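1. Need coordinates for the below:
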Amino acid sequence: SVEREIEEPLKTEGEEPEEVKGEVNEEPLDTDEGEETEYTKEELDELALDVDKVVEMASQNDDSDRCTLGKYYPDGDSRKEDSYEQVAQRNDTSYYQLDPKMWDELSDRVGKDNMFEYNRKYLDNQMEQGKEFVSGINPWDENNLSGAFLDELNYLYENGYMFSETPDDDGLYHAVYYGR
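-> Down below sits the predicted model:
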């Protein structure tokens with residue numbers, strides 16, 4: 001895994017956000033339900049540095065005792081049914097998903113290379129809750145080892161988790177905790 005230096009410090013609980021640099025998209029954001037949510041530049045700047053709030057917004061189906069990880073495939077992609085959020089919804093598991101426009105807004109503020117800081121906090125929360133990690137795609141297939149999914153796999157490995165090499169009877173790959 002690769003260590004990344006944060007370009008702009010991200011806020012954790014109890015800290016005041018620092019000023020963020022970058023261009024601002026003044027268009028209102030669409031939520032998953034199709035409703036528009038408007039944020040001011042200042043609200044987006046503050047939100048970008050509040051890791052806990054972003055993770056809270058992106059946490060889906062948090063009551064589940066399992067958490068799905070995987071790759072994201074956009075609408076129209078032939079692999080869409082294997083997209084992690086589709087797998088999570090079919091299996092009633094927790095998952096992390098930001099609205100694409102919100103992802104763009106936050107990425108503009110903290111830098112694309114720093115977006116994993118939100119994923120890392122989400123994974124920490126899931127580990128603290130004792131959730132089982134699953135994936136609908138093969139975590140050992142080289143074609144799947146890129147982007148945020150690879151970062152998530154590396155982070156889980158660093159924290160004592162290893163995914164099975166074959167799917168279980170439910171068709172999912174399960175991570176086993178071996179300890180640190």
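
2. and Asp170, helix, strand or coil?
-> coil (DSSP: H, G, I helix; E, B strand; the rest coil).

3. Report the contact partners of it.
-> Residues in contact with Asp170 (Cβ atoms under 8 Å, 6 or more residues apart in numbering) are Asn91. In this view, the C-beta of every residue, glycine as well, is placed from N, C-alpha and C.

4. any idea how far Thr93 is from it?
-> Here Asp170 is placed at a distance of 11 Å from Thr93 (Cβ to Cβ, to the nearest Å).

5. How much space separates the residue nearest to Lys71 when sequence neighbours are not counted from Ser83?
-> Spatially, and ignoring its direct neighbours in sequence, Lys71 is nearest to Phe149 (5.0 Å; Cβ to Cβ, 6 or more residues apart in numbering). From Phe149 over to Ser83 the distance is 11 Å, taken as Cβ to Cβ.

6. Tell me the residues that contact both of these two, please.
-> Shared contacts of Phe149 and Ser83, counting by Cβ under 8 Å, 6+ apart, come down to Gly70, Lys71.

7. quick one: the closest residue to Lys80 other than its chain neighbours from Phe149, how far?
-> With sequence-adjacent residues excluded and distances taken as Cβ to Cβ, 6+ apart, Lys80 is closest to Tyr73, at 4.9 Å. Applying Cβ to Cβ, the value for Tyr73 to Phe149 is 11 Å.

8. what's the answer for Gly111, then?
-> 19 Å.

9. go on, Asn119?
-> Asn119 is 10 Å from Phe149, by Cβ to Cβ.

10. swap in Glu158?
-> For Glu158, the distance to Phe149 - Cβ to Cβ - is 15 Å.

11. try Tyr155
-> Counting by Cβ to Cβ, the gap from Tyr155 to Phe149 is 11 Å.

12. again with Leu123
-> Note on Leu123: its distance to Phe149, by Cβ to Cβ, is 12 Å.

13. which one of the two has more residues nearby?
-> Higher neighbour count among Leu123 and Phe149: Leu123, with 23 against 19, using other Cβ atoms under 10 Å.

14. So for the more buried one, what pLDDT did the model give?
-> pLDDT, Leu123: 98.

15. which SSE is it in?
-> Using DSSP states H and E, Leu123 sits in helix 116-128.

16. next one: Glu85
-> helix 84-91.

17. Sketch out the low-pLDDT regions of the protein for me.
-> Applying pLDDT under 70 to the chain flags the ranges 1-37.

18. partners of the spatially closest residue to Phe133 that is not a sequence neighbour in the sheet?
-> Spatial nearest neighbour of Phe133, excluding adjacent residues (Cβ to Cβ, 6+ apart): Ala175 at 3.9 Å. Beta-bridge partners for Ala175, by DSSP bridges, are Phe163.

19. residue ranges for the strands of this protein, please.
-> Remark: strands assigned in the chain by DSSP state E are 29-30, 36-37, 59-60, 66-69, 95-96, 132-135, 161-163, 173-177.
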